[in-house]
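Enquirer: sequence? don't have it. structure:
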């Protein structure tokens with residue numbers, strides 16, 4: 001079985017179209033190139049895209065004259081384009097070499113004073129020991145967080161806020177009970193039964209100034225601290 005003929009690659013198509021320009025050294029309309037392209041192996045449908053890629057790379061020039069757009073390319077133009085590309089690549093190469101040398105010199109400068117020696121090893125060992133001791137002390141300090149004066153003061157203020165809030169709600173409950181008694185005197189027994197079910201008994205009252213003295217809380221924490 002005969003194998004299928006391989007189609008041209010994009011680069012091969014570009015070379016075929018450039019040959020048309022170089023051999024004729026003439027100006028062409030797109031429709032003319034679409035007729036000439038298939039004779040060189042470039043199908044009509046791909047001529048426009050291949051031609052545009054050559055224009056984008058400055059290998060083919062185009063200009064509008066009247067209502068028509070003409071394309072052309074001369075071997076000398078292509079040579080100039082290649083020389084410009086070569087000069088740019090050469091300039092980029094020299095810049096890269098210069099930057100490489102700067103980085104090498106910078107690296108060498110950074111290495112000075114860091115050469116391997118007994119003094120350097122001792123200094124690094126001492127640094128590691130200091131870092132280890134620092135971490136140990138930091139961990140030990142975490143065990144005393146509860147006795148931090150700032151944390152203790154914040155806890156004291158939080159207790160005071162909670163105490164005030166609890167008594168405020170107690171006051172609201174007494175106000176609500178009084179309102180129910182005034183507006184529903186005939187339901188006194190049912191209301192009393194309801195109060196008992198939800199925990200509002202006869203001994204329900206405001207909280208004292210402090211259920212647990214704040215100083216005793218601090219003493220308990222101090223007693224529980226590690227030596």
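Expert: That came in fine, so what should we check first? Computed from a predicted structure; not experimentally measured. Numbers count the residues shown, from 1 in each chain.
Enquirer: I'd guess residue 62 is in a helix, am I close?
Expert: No. Under DSSP: H, G, I helix; E, B strand; the rest coil, residue 62 falls outside any helix and is assigned strand.
Enquirer: give me every residue that touches it.
Expert: 55, 69-72 (C-beta atoms under 8 Å, 6 or more residues apart in numbering). For every residue, glycine as well, the C-beta is placed using N, CA and C.
Enquirer: Identify the bridge partners of it.
Expert: Beta-bridge partners for residue 62, by DSSP bridges, are residue 71.
Enquirer: thinking again about what came up before, got a winner among the contacts of residue 62 for most neighbours?
Expert: In terms of neighbour count, residue 71 stands highest of those at 21 neighbours, by other C-beta atoms under 10 Å.
Enquirer: so that one sits right up against residue 55, yeah?
Expert: Yes. Between residue 71 and residue 55 there is a contact at 7.5 Å, judged by C-beta atoms under 8 Å.
Enquirer: can you list residues touching both of the two?
Expert: With C-beta under 8 Å, 6+ apart, residue 71 and residue 55 have common neighbours 61-62.
Enquirer: returning to what we had before: any chance of the contacts of residue 62 in a markdown table, with distance to residue 92 and pLDDT too?
Expert: Below are those laid out as a markdown table (distance: C-beta to C-beta, whole Å; pLDDT from 0 to 100):
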| residue | distance to residue 92 | pLDDT |
| --- | --- | --- |
| 55 | 24 | 89 |
| 69 | 34 | 93 |
| 70 | 34 | 94 |
| 71 | 30 | 92 |
| 72 | 30 | 90 |
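Enquirer: What is the nearest of those to residue 185?
Expert: For the contacts of residue 62, the minimum distance to residue 185 (C-beta to C-beta) is 100.3 Å, reached by residue 55.
Enquirer: Since that was my last question, I'll sign off now.
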